[in-house]
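Q: how does the following fold in three dimensions:
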Amino acid sequence: MKKLVKVEEIEGEGLVGLMGETVMLMCLNYIYAGKLIGVNDTFVQLENAYIVYETGAFTDKYYKDAQKLSHDIFYVNSSSIESFGKGKDLK
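A: Prediction:
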């Protein structure tokens with residue numbers, strides 16, 4: 001039998017570790033990109049946010065089709081995020 005006997009919490013992992021970075025959030029219905037400036041249990045906060053309709057090759061410097069959202073600050077529900085990481089440069 002294998003047992004987990006010690007749980008260690010590591011600060012600065014996951015979304016919190018990407019604070020201040022330009023990120024890409026792959027969500028249930030859409031992909032969002034922007035500078036990650038806030039994280040809590042319910043949502044994340046993006047500055048200079050875009051909705052990405054077409055990424056293009058992931059090796060490209062910019063997204064093929066990313067549309068700027070109408071406000072400087074945009075919130076994404078954390079429960080809809082399927083994966084995330086550093087994003088491409090935004091124009």
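Q: from residue 15, how far off is residue 29?
A: 19 Å (CB to CB, to the nearest Å). Glycine gets a C-beta too; all of them are placed from N, C-alpha and C.
Q: and residue 50, by the same measure?
A: Residue 50 sits 18 Å away from residue 15 when distances are taken as CB to CB.
Q: neighbour count for these two, which is higher?
A: residue 50 (23 against 16; other CB atoms under 10 Å).
Q: what's the distance between that one and residue 31?
A: Plainly put, residue 50 is 9 Å away from residue 31 if you go by CB to CB.
Q: got any residues that touch both of those two?
A: Residues touching both residue 50 and residue 31 (CB atoms under 8 Å, 6 or more residues apart in numbering): there are none.
Q: run through the bridge partners of the residue nearest to the spatial centre of the chain.
A: In the chain, the residue lying closest to the centroid (CA atoms, centre = their mean) is residue 25, at 3.4 Å. Per DSSP bridges, the residues bridged to residue 25 are residue 32, residue 84.
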